[in-house]
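*Asks:* Just a sequence and a predicted model for now, questions to come.
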Amino acid sequence: MHDQPMLSADERGRYARHLILPEVGPAGQLRLRSASVLCVGSGGLGSPLLLYLAAAGVGRIGIVDGDVVELSNLQRQVIHSSSGVGGSKARSAAARIHDLNPHCQVEVHEHMLDVGNALDLIAHYDLVCDGTDNFPSRYLINDACVLLGKPLVYGSVQRFDGQVSVFNRTTTSPNYRDLLPEPPSPDAVPSCSEAGVMGVMPGLIGLLQATEAIKLITGIGECLDGRLLVVDALAMRFRELTLRVDPDRPKVERLIDYRQYCRPALSEMESITVMELKALLDSAPDEIALVDVRNPAEAEVASIEGSHLVPLASLESGEAIDRVRAMAEGRRLLVHCKLGGRSARAVELLAQHGIAATNMTGGIDAWSQQVDPAIPRY
């Protein structure tokens, strides 16, 4: 940060409620104006983060997001609007920020953060806010921040629960690997698209992240460095857990392949595209048994006509193995889920029981996009 001219009359009016706070005052507002924050993701967590950082007067905000706005986003990603469906999330968020506070400089990075660009992007900002929803991205962001010495404001949500912390504030602070030294197995923690999320949860957690970011920039209060705030919205309880640096934790020395690290490659298996499946169903439907391994609640949202719902958990427990074996008698067994990951695990599991199956790549999401747009995407 560097010296800047005093606040203009417009800025003094806009930030008046900050200026009369003794803890913030003109000096704190100038720190906000000279600060730069990179927000990775402009979805559920990123929506309140970006809105409130911009409203608070953060001078330069970077948005990293290569995704597009979808109808199912609008239940929680409140920075976007119905008119923006199908368009760039990063640009939609930038337009809303400009409308909210034209004093804020917005830098749009219309692509996903990856190993090739993370260090270059993060190096140009004072701190980073993690608005992502998957483990590979979280480890990537964490490791890049550790290598560059950048503070990281972490948040995560699922169903009715959320977590917030501040990582890497100093060289002696905990980071994400002290919270989660190893990634969970791919099927241990379902994504929000699989398990669902109450729409207000990302708003609540994102606001807490924005609060921590503002405190870090202005130097006020006590941030969540070394503490994990855990929120249970159903009971409306807030708990605090202490985080400590693990002295035996391997040192972060470079970026790695985080997708492989978090999701080890599955073995080779027979697969089929949605268009190939459509042709089979049109030509010989009686020769096909289509198994849907998603959860019942997902099937209520969207399903392929004629599919048989057999949740992955019932295969893992062994409860549904005989049922699927009976379906496969004299027919070709095809398996699908939402995107193809759970169905691939189901194919491997069935193979262990001597049942041959084919994985439908892309899942029902690809079916909705390429075969039947009337099926909702979620």
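*Replies:* Right, received. Where do you want to start?

*Asks:* any low-confidence regions in the chain?
*Replies:* For the chain, the stretches flagged by pLDDT under 70 are 1-4, 186-188, 264-267.

*Asks:* Next, the buried residues of the longest helix belonging to it.
*Replies:* Using DSSP state H, we find that the single longest helix of the chain is helix 200-218. Residues 201-218 are the ones in helix 200-218 that count as buried (16 or more other C-beta atoms under 10 Å). In short, each C-beta sits where N, CA and C put it, glycine included.

*Asks:* Just the buried residues of stretch 252-262, please?
*Replies:* Neighbour-count burial for stretch 252-262 [16+ other C-beta under 10 Å]: 252, 255, 258-259, 262.

*Asks:* Serialize the residues you listed to a markdown table and add fields for secondary structure.
*Replies:* Listed next are those as a markdown table, based on DSSP: H, G, I helix; E, B strand; the rest coil:
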| residue | secondary structure |
| --- | --- |
| V252 | coil |
| L255 | coil |
| Y258 | helix |
| R259 | helix |
| C262 | helix |
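
*Asks:* Of all pairs in those, which one is the farthest apart?
*Replies:* V252 and R259 (17.4 Å; C-beta to C-beta).

*Asks:* got the domain boundaries for the chain?
*Replies:* Taking automatic domain parsing as the reference, the chain has its domains at 35-262, 271-370.

*Asks:* Can I get those in TSV including distance to H18?
*Replies:* Formatted as TSV, these follow (distance: least, C-beta to C-beta, whole Å):
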stretch	distance to H18
domain 35-262	7
domain 271-370	43
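
*Asks:* list the contacts for S47?
*Replies:* Residues in contact with S47 (C-beta atoms under 8 Å, 6 or more residues apart in numbering) are 76-80, 93, 202-203, 206.

*Asks:* switch the cut-off to 6 Å
*Replies:* By C-beta atoms under 6 Å, 6 or more residues apart in numbering, the contact set of S47 is 77-79.

*Asks:* Now it: closest residue in space, sequence neighbours ignored.
*Replies:* Of all residues not flanking S47 in the chain, I79 sits nearest, at 3.9 Å (C-beta to C-beta, 6 or more residues apart in numbering).

*Asks:* The one you found against A95, yeah?
*Replies:* No - the pair I79 and A95 fails to qualify as a contact (C-beta atoms under 6 Å) at a distance of 9.4 Å.

*Asks:* Could you check which of the two is surrounded by more residues?
*Replies:* I79 (27 against 18; other C-beta atoms under 10 Å).

*Asks:* That one and M269, how far apart?
*Replies:* The gap separating I79 from M269 is 40 Å, by C-beta to C-beta, to the nearest Å.

*Asks:* likewise F135?
*Replies:* Distance of F135 to M269, computed by C-beta to C-beta: 23 Å.

*Asks:* quick one, which of those two is more surrounded?
*Replies:* Ranked by neighbour count (other C-beta under 10 Å), F135 and M269 place F135 first, with 21 against 15.

*Asks:* now the closest residue to the more buried one other than its chain neighbours: how far from L140?
*Replies:* Distances taken as C-beta to C-beta, 6+ apart place C262 nearest to F135, at 4.4 Å, with adjacent residues excluded. Using C-beta to C-beta, we find C262 at a distance of 10 Å from L140.

*Asks:* Same question for A16.
*Replies:* Counting by C-beta to C-beta, the gap from A16 to L140 is 40 Å.

*Asks:* who has more neighbours, these two?
*Replies:* Legend: neighbour count by other C-beta under 10 Å for A16 and L140, higher for L140 (26 against 10).

*Asks:* Next up, phi/psi of that one, please.
*Replies:* The phi and psi values for L140, taken as degrees, to the nearest 10, are phi -60, psi -50.

*Asks:* what's across from E240 in the sheet?
*Replies:* Note on E240: beta-bridge partners by DSSP bridges are L229.

*Asks:* do you know how far it is from E222?
*Replies:* 11 Å.

*Asks:* R331 too?
*Replies:* Distance of R331 to E222, given as C-beta to C-beta: 63 Å.

*Asks:* more neighbours, those two?
*Replies:* Counted by other C-beta under 10 Å, R331 and E222 do not tie: R331 has more neighbours, with 13 against 7.

*Asks:* which residue sits closest to the more buried one in space, ignoring its chain neighbours?
*Replies:* A289 is the one closest to R331 (C-beta to C-beta, 6+ apart), at 4.5 Å.

*Asks:* got a list of what that neighbour touches?
*Replies:* Per C-beta under 6 Å, 6+ apart, neighbours of A289: 327, 331, 333.

*Asks:* Now do the strands in the chain.
*Replies:* 36-40, 60-64, 105-109, 127-130, 152-158, 161-167, 227-232, 237-242, 271-272, 288-292, 308-309, 332-336, 358-360 (DSSP state E).

*Asks:* Which of the ones you listed sits closest to P190?
*Replies:* strand 152-158 (7.7 Å).
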